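K.L.:
For reference, the sequence and a predicted model appear below.
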Amino acid sequence: MKRETLDKHSSRYAVGLMSGTSVDGIDAAVIELADRQEGSISVQMIAFENVPYPAAVRQEIFALFDPVQATVDRLGRLNVLLGELYADAALSVIAKAGLTPADITVIGSHGQTIYHAPQMEKLHGYDIHYTVQIGEGSVIRARTGIPCVTDFRPADMAAGGQGAPLVPFTEFLLYREEKRTLLLQNIGGIGNMTVIPAGCAQEEVFAFDTGPGNMIIDGVVERLFSGQLTMDIGGAIARRGRIHEGLLGLLKLEPYYSQPLPKSTGREQFGSSYIDWLLNEAGKQNVTPEDVVATVTMLTAWSIGDAYCRYVHGRYPADALIVGGGGSYNPVLVENLRREMEMLGVQVMTQEQIGQSSDAKEAVAFAILADYALRRQPNNLPNVTGAKRPVVMGKISF
Ligand SMILES: Nc1ncnc2c1ncn2[C@@H]1O[C@H](COP(=O)(O)OP(=O)(O)OP(=O)(O)O)[C@@H](O)[C@H]1O
Ligand SMILES: CC(=O)N[C@H]1[C@@H]2OC[C@@H](O2)[C@@H](O)[C@@H]1O[C@H](C)C(=O)O
């Protein structure tokens, strides 16, 4: 960061909280922001922490993914409980940064996505689409004393957008280069790609969900290894297995992969009903548990390469793909991805290899988005989400 170009008077601290589709825990970051003279911002991460969810809370969140089990009382209760847990995570990372709540101007909390339905449907003559994130901002505000921005996605959807992905707004600010076209690939529960063409303007950035990230891998591991594991740590199981071409060929037929942009997806598509179907098909073809894990790990890598070929390569041949999110800690997944992308002339690196953290990126992003919301600055990218116009996303609990 070039200190001399910063307006030091504008320097401020913000906290970002992210709980993603993998439901592995709460990512919390403290950042320092400052305005640049040319009108953009500069960001430095001061502290980061990942607070795992207690197993019972994780179980309760998963219950809410099933609309039948997600009764209003359960939803209301968990909304408040998550607010408490997010407040604790915020206070803990603030202390880790050596700061006090009084030093922080705003908390941006993404919340926990419970349901995401971006496709328009007709209801009583209206076109509607919706998304549900919980984790009560008023509770976070009350426990920390810091203004809190939550519920970012609905404003973009009300303007006709998919309400996702939102992080590309911050990726443009932080990663754009004059000479290289970069792909930023997050592999969380869902996979999402941001394309930042060399020397681009904000309107030229585009992004979309590539499909499953770790969601299918986690889902099959949890089922096939009798609930002892929630992920394939270090890709150890996939490494023992072999790719089953028959099963892989079938999985590639999923229509989401060829759906036109803009598009976003979630657990509604690749969650537990999908895992039921997949394991049933694997059973018919007598695929061993290790081979299932190896095959779905390959599927995730393939879906990213396929998306690049379909939507990006012809317009913006990329120089490098930078992988972030928990999937970057699975070496088998990264090796598969490297093979897929290097065939297409794209170098693959992890966030760590460029001196950043794979874990912290989304938490940092929601701190930045909250800073924009507090200053009433638009913080969506219509070109990415399909919204009709720029809007200020987020609801503020003062
Ligand atoms: N050491 C590891 N080995 C293998 N996989 C890992 C490892 N660490 C994390 N993961 C994978 O990463 C997932 C968590 O990724 P991440 O925290 O980026 O997801 P998220 O933020 O919840 O999702 P999203 O970005 O879709 O909202 C875990 O569920 C697991 O599948
Ligand atoms: C509705 C929702 O929670 N979507 C998530 C999910 O996880 C990854 C991908 O799908 C992305 O679209 C989005 O999250 C990130 C933080 C985003 O909006 O950029």
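P.N.:
Great, that's in hand. Computed from a predicted model, the values in this text were never measured in an experiment. Ligands and ions are numbered 1, 2, ... in the order given.
K.L.:
pLDDT of stretch 32-45, averaged?
P.N.:
Per-residue pLDDT values over stretch 32-45 give a mean of 87.
K.L.:
Likewise for stretch 338-348?
P.N.:
Average pLDDT, stretch 338-348: 96.
K.L.:
Return the backbone torsion pair for residue 331.
P.N.:
Main-chain torsions, residue 331, degrees, to the nearest 10: phi -60, psi -30.
K.L.:
and residue 161, what is it in contact with?
P.N.:
Neighbour list for residue 161: 262, 380, 382, 385, 386, 387, 388 [criterion: Cβ atoms under 8 Å, 6 or more residues apart in numbering]. C-beta here means a position set from N, CA and C on the backbone, and glycine is covered the same way.
K.L.:
Could you turn the buried ones of those residues into a PyMOL selection?
P.N.:
Listed next is the PyMOL selection for buried residues among the contacts of residue 161, using 16 or more other Cβ atoms under 10 Å:
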select buried, resi 262+380+382+385+386+387
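K.L.:
Now tabulate the contacts of residue 161 in CSV and tack on distance to residue 149 and secondary structure.
P.N.:
Formatted as CSV, these follow (distance: Cβ to Cβ, whole Å; DSSP: H, G, I helix; E, B strand; the rest coil):
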residue, distance to residue 149, secondary structure
262, 24, coil
380, 13, coil
382, 20, helix
385, 18, helix
386, 22, coil
387, 18, coil
388, 22, coil
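K.L.:
out of the contacts of residue 161, who's near ligand 1?
P.N.:
Among the contacts of residue 161, no residue is within reach of ligand 1 (Cβ under 6 Å from any ligand atom).
K.L.:
Kindly report the residues of the stretch 251-398 of the chain close to ligand 2.
P.N.:
Selection of the stretch 251-398 of the chain residues close to ligand 2 by Cβ under 6 Å from any ligand atom yields 264, 266, 362.
K.L.:
And the pLDDT at the second one?
P.N.:
pLDDT, the model's per-residue confidence, is 94 for residue 266.
K.L.:
ok, back up a step: helices - which of the residues of the stretch 251-398 of the chain next to ligand 2 land there?
P.N.:
Judged by DSSP state H, those include residue 362 as members of helices.
K.L.:
out of the residues of the stretch 251-398 of the chain next to ligand 2, which is most surrounded?
P.N.:
Neighbour counts for these (other Cβ atoms under 10 Å) peak at residue 264, which has 26 neighbours.
K.L.:
Which stretches in this structure count as strands?
P.N.:
According to DSSP state E, the chain carries its strands in the segments 6-19, 25-36, 41-52, 104-123, 126-134, 148-150, 182-187, 190-196, 206-212, 320-324, 347-350, 395-397.
K.L.:
Mind telling me which of these the model trusts least?
P.N.:
Among the strands of the chain, strand 6-19 carries the lowest mean pLDDT (a mean of 88).
K.L.:
Export it to CSV, keeping only CA atoms.
P.N.:
Presented in CSV, the C-alpha positions along strand 6-19 are these (Å, rounded to 0.1, in the frame of the first residue of the first chain):
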residue,chain,number,x,y,z
LEU,A,6,-3.7,8.2,1.1
ASP,A,7,-5.8,10.8,2.7
LYS,A,8,-4.7,10.1,6.3
HIS,A,9,-7.6,12.1,7.8
SER,A,10,-10.0,9.7,6.2
SER,A,11,-8.5,6.6,7.8
ARG,A,12,-11.0,4.5,9.7
TYR,A,13,-11.5,0.9,10.9
ALA,A,14,-14.3,-1.4,9.9
VAL,A,15,-15.2,-5.0,10.8
GLY,A,16,-16.5,-7.6,8.3
LEU,A,17,-18.3,-10.8,9.3
MET,A,18,-19.0,-13.7,6.9
SER,A,19,-20.7,-16.9,7.3
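K.L.:
Name every strand pairing with that strand and say which way it goes.
P.N.:
strand 25-36 (antiparallel), strand 104-123 (parallel) (DSSP bridges).
K.L.:
Run the angle between that strand and strand 126-134 for me.
P.N.:
Per axes from the mean of the first three to the mean of the last three Cα atoms, to 10 degrees, the angle that strand 6-19 makes with strand 126-134 is 90 degrees.
K.L.:
For the remainder of this discussion, apply numbering that starts at 10.
P.N.:
Got it, the first residue is 10 from now on, which makes the last one we talked about strand 15-28.
K.L.:
So which bits of strand 15-28 are buried?
P.N.:
Across strand 15-28, burial judged by 16+ other Cβ under 10 Å covers 15, 21, 22, 23, 24, 25, 26, 27, 28.
K.L.:
Spell out which parts of the stretch 260-407 of the chain neighbour ligand 1.
P.N.:
So the stretch 260-407 of the chain meets ligand 1 at 334, 335, 336, 338, 339, 371 (Cβ under 6 Å from any ligand atom).
K.L.:
burial count for residue 110?
P.N.:
Residues near residue 110, counting by other Cβ under 10 Å, number 15.
K.L.:
Check what pLDDT it gets.
P.N.:
Predicted confidence (pLDDT) for residue 110: 98.
K.L.:
any idea how far ligand 1 is from it?
P.N.:
In this view, residue 110 and ligand 1 are 25 Å apart by Cβ to the nearest ligand atom, to the nearest Å.
K.L.:
Please apply the same query to residue 219.
P.N.:
For residue 219 relative to ligand 1 (Cβ to the nearest ligand atom), the value is 11 Å.
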